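Undergrad: Generate coordinates for the sequence data below:
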Amino acid sequence: MYDDLTDNLFVPGSITQKTVSKRVSYVRFISWIPPLFSALFLLFAFLRGINFKPEKKIIYSSETTNYYISNRGIIFDSTGTQISKNIQSYKLVIDPINFTNNKDEQKIILDILSKKFEISEKGLENVKKKLSLNHAEKIVVKKSISQEVFLKERSKIKNIEGVFFESSSLREYDFKNLFSHIVGYVGAPSDENLEKYKFVTDLIEGKSGLEYTYNEILNPTLGIKNEEGDVFEESLNGQNLFLTINHKFQESVRKSLLKGIKSSKKEKGVAIVMNPQNGKVLAMVSLPDFSLEYFSQTSQNDEKLQEIFNDKNSPQLNRAISGLYPPGSTFKPIVAVAGLSEGVITAQKIFNDTGSIKVDDKIFYGWNRSGLGKIDLKQALAQSSNPYFYTVAGGILSQGHEFDGLGYDRLKGFLQKFFIDKKTGIDLPFEFEGFIPTPEWKQEIFDEKWFSGDTVQMGIGQGFILISPLRLAVSISAIVNGGNIVEPFVVEKITDSRSNLVSQKDPKKIKIDSINSQNLSFVMEGMKEAVYGKRGTAKILSSLPFEVGAKTGTAESPPNDPHAWGVAFGPYENPEILVVVLVENGGEGNKVAIPIIKEIMESWWNMKNLGENL
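TA: Residues are numbered from 1 along each chain as shown. Presented below is the predicted three-dimensional model:
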């Protein structure tokens, strides 16, 4: 019927409303209405057609001027490889200003278009609803029309007044799962932007990742042109983002993490690689992830999208920045810096680890209940002594402990200097800040007072304290870079569509008060001993081709298995890389997280020596 209508009824060059009116009038009235009444009806319909448009509530007239936008900016990795791109497409649009006002004519045309362009019943009803509102903004009838269909049908569509094709730019993503949490995806605009850009039919906005954070930068500017195509104000393409991440290295990190998680028979984990000197993120992987293929505008799969959002493992969650966990023993280097800075301990002070300490009639054990014997700070870090750090955090000399510890207030104050309870400020959305528990919080939530045992638990990264993997990476970076809290980032530079530099990232850092370089060196030596010492918990890293320091962690998470943590940095004398790995409920950090870190560091070293941009 579409071909009959366009080839016979809609004669090329004609205005179709009158022709359709005659056909509708014939079908409905000619057989039973006398000629005089028929003529009067047609006259009424004609007059009604003339007067209908001014009666509409027109917010903006598109008869002389149109808003338009050009292309959204592109996202590249550090090598200049495209991660997101724009695909040329077309859409079928109705302009209510110029479209027929006659409901019967509308029904005939919409029914034909829906069959020809395979418009769903829901989509058709949506178009009818918008037409009934008598608003002026254009209505998109069908998106993602191929060039082949466009070329075949455009001459026929030209004969339908108020219906036309518009060129369209659709967002598509390469690398599927590799950048799902970093790049993110786009979708329909919010109600606020719909109102602001109501006459732009091609508008999209970022919904997650960099597409969300840098939405205004990626979006093209609004342009204006008239019906003849004369441009009054040019729409400029959106600006481009260049990441700090090399896609080859990101892929290598993902493979190592995926391999380690599967060998542990687990499903969730995080790997972060960062330059500790400036916060430059070299890789960030959160598993499970999802394929951006299903979020590409060219191939959106509603069933698959629903499956992603309903998955119990929450693949859409970026655990690197939005997951909060007890850090376990990876927290001990921070507590060590606090103890040294506050004068509670010295690097040389000897402590007798008997396997446990007793606090307020409650016994807190170490991982080796027989005890590690007499140890100093270096050995306490290398062998991960719980009793040592229990005492640093909350030891009470009057209860028989070897010395008075920091106590809650001093420990909390020092953790706040490391911004443990703040967001890192990374240029990715939906980051969660860490959590430092307080006596008031415990009273409110559990209706219990704060005990000394709660403080000693904080000393080993257990109890109520929670931290994101990225915050841990930033905190340990401060120890190895001379005491600076860096702000991590994944976008290194922004260019315009002609590759002219718009802005270059200027790394930000904040110097922590009351920390001296000597104390930081003592802690770093303990982390180095964890790798090269006879009793070190991260000895597997000793075979790396460059010198490193590390700390393992096994964070209890009852009733589930403990979280497996690991953190390492290198080269030791001038660190360029810091790696944090977490396997949720993965077990022991030295057996699960550290082997993953080793693979990642080997990959970094090899790619760096091959001249890759890292």
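
Undergrad: do you know how far residue 216 is from residue 494?
TA: 12 Å (CB to CB, to the nearest Å). The C-beta positions use only the backbone N, C-alpha and C, and glycine is treated the same way.

Undergrad: Neighbour count: these two, which is higher?
TA: Neighbour count, other CB atoms under 10 Å: between residue 216 and residue 494, residue 494 has more, with 18 against 10.

Undergrad: isn't that one right next to residue 217, touching?
TA: Yes. Using CB atoms under 8 Å, residue 494 is in contact with residue 217, at 6.3 Å.

Undergrad: Now for the two: what residues contact both?
TA: 239, 241 (CB atoms under 8 Å, 6 or more residues apart in numbering).

Undergrad: For stretch 496-515, buried residues please.
TA: Using 16 or more other CB atoms under 10 Å as the test for burial, stretch 496-515 gives 505, 509, 512, 515.

Undergrad: The last one is in contact with residue 338, isn't it?
TA: No. The pair formed by residue 515 and residue 338 falls short of the contact definition of CB under 8 Å, at 9.4 Å.

Undergrad: Nearest residue to residue 508 in space, ignoring adjacent ones along the chain?
TA: In space, and not counting its chain neighbours, residue 508 is closest to residue 487: 4.2 Å by CB to CB, 6 or more residues apart in numbering.

Undergrad: how about that neighbour, what does it touch?
TA: Applying CB under 8 Å, 6+ apart to residue 487 gives the contacts 279, 424-426, 507-509.

Undergrad: can you rerun that using 6 Å?
TA: Residues near residue 487 by CB atoms under 6 Å, 6 or more residues apart in numbering: 279, 425, 508.

Undergrad: Let me know the next secondary structure element after the helix or strand of the chain with the lowest mean pLDDT.
TA: Within the chain, no helix or strand scores below helix 35-55, which has a mean of 33 by mean pLDDT, DSSP states H and E. Sequence-wise, the next helix or strand downstream of helix 35-55 (DSSP states H and E) is strand 65-69.

Undergrad: Buried residues in that following strand, which are they?
TA: For strand 65-69, a neighbour-count test (16+ other CB under 10 Å) marks 66-69 as buried.

Undergrad: how long is stretch 350-357 from one end to the other?
TA: End-to-end distance for stretch 350-357: 16 Å, by CA to CA, to the nearest Å.

Undergrad: ok, and what's touching it?
TA: Under CB under 6 Å, 6+ apart, the answer for stretch 350-357 is 363-366, 369-372, 374-376, 385, 387-388, 390, 402.

Undergrad: Most neighbours among those residues, which one is it?
TA: residue 388 (32 neighbours).

Undergrad: tell me the secondary structure for the closest residue to that one other than its chain neighbours?
TA: Nearest residue to residue 388, sequence neighbours excluded (CB to CB, 6+ apart): residue 380, at 4.0 Å. Secondary structure of residue 380, reduced to three states by DSSP: H, G, I helix; E, B strand; the rest coil: helix.

Undergrad: cool, residue 520 as well?
TA: Going by three-state DSSP: residue 520 is helix.

Undergrad: Verify the stated contact: it with residue 479.
TA: Yes. Contact status for residue 520 versus residue 479: in contact at 5.5 Å, counting by CB atoms under 6 Å.

Undergrad: between the two, who's got more neighbours?
TA: Between residue 520 and residue 479, residue 479 has the larger neighbour count (other CB under 10 Å), namely 28 against 22.

Undergrad: any idea how far that one is from residue 207?
TA: 36 Å.

Undergrad: what does residue 100 give?
TA: Distance from residue 100 to residue 207, by CB to CB: 36 Å.

Undergrad: now residue 524
TA: 41 Å.

Undergrad: quick one: which of these two has more around it?
TA: Using other CB under 10 Å as the criterion, residue 524 and residue 207 rank with residue 524 on top: 20 against 17.

Undergrad: Which members of the buried residues of stretch 496-515 define the maximum pairwise distance?
TA: Greatest spatial distance among the buried residues of stretch 496-515 (CB to CB): 505 and 515, at 25.6 Å.

Undergrad: Where does pLDDT dip in the stretch 251-400 of the chain?
TA: In the predicted model, the stretch 251-400 of the chain carries pLDDT under 70 at residues 297-301.

Undergrad: where do the strands sit along it?
TA: 269-274, 281-287, 351-353, 356-359, 362-365, 373-375 (DSSP state E, counting those that start in this stretch).

Undergrad: Please name whichever of the ones you listed is nearest to residue 188.
TA: Across these, residue 188 has its closest neighbour in strand 281-287 (25.2 Å, CB to CB).

Undergrad: CA atoms of the closest one as PDB?
TA: The C-alpha trace of strand 281-287 is given here as PDB (Å, rounded to 0.1, in the frame of the first residue of the first chain):
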ATOM      1  CA  VAL A 281      45.700   5.700  35.900                       C
ATOM      2  CA  LEU A 282      47.400   3.200  33.600                       C
ATOM      3  CA  ALA A 283      44.700   0.500  33.900                       C
ATOM      4  CA  MET A 284      41.500   0.000  35.800                       C
ATOM      5  CA  VAL A 285      39.500  -3.200  35.600                       C
ATOM      6  CA  SER A 286      36.400  -4.200  37.500                       C
ATOM      7  CA  LEU A 287      34.900  -7.700  37.200                       C
END
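
Undergrad: Tell me the spacing between residue 88 and residue 210.
TA: From residue 88 across to residue 210, the span is 23 Å (CB to CB).

Undergrad: Same drill for the two, tell me which one is more crowded.
TA: residue 210 (24 against 12).

Undergrad: contacts for the one helix or strand that one maps to?
TA: Assigned by DSSP H and E, residue 210 belongs to helix 209-213. For helix 209-213, contacts defined as CB under 6 Å, 6+ apart pick out 182-186, 206, 427, 429.

Undergrad: From these, keep the buried residues only.
TA: Here, 16+ other CB under 10 Å leaves 182-186, 206, 427, 429 buried among those.

Undergrad: Quick check: strands, which of the residues you listed are part of them?
TA: 186, 206 (DSSP state E).

Undergrad: Out of the buried ones among the contacts of helix 209-213, which comes closest to residue 223?
TA: When these are compared against residue 223 (criterion: CB to CB), the nearest one is residue 186, at 19.6 Å.

Undergrad: Nearest residue to that closest one in space, please, no chain neighbours.
TA: Looking at residue 186 with CB to CB, 6+ apart, the closest residue is residue 204, at 4.5 Å.

Undergrad: ok, how many other residues are close to that neighbour?
TA: A total of 22 residues lie near residue 204 under the criterion other CB under 10 Å.

Undergrad: Roughly how far does it sit from residue 193?
TA: 10 Å.

Undergrad: quick one: contacts for residue 526?
TA: Residue 526 sits in contact with 377-378, 381-382, where contact means CB under 6 Å, 6+ apart.

Undergrad: which one of those sits closest to residue 139?
TA: Looking across those and measuring by CB to CB, the closest to residue 139 is residue 381, at 65.7 Å.
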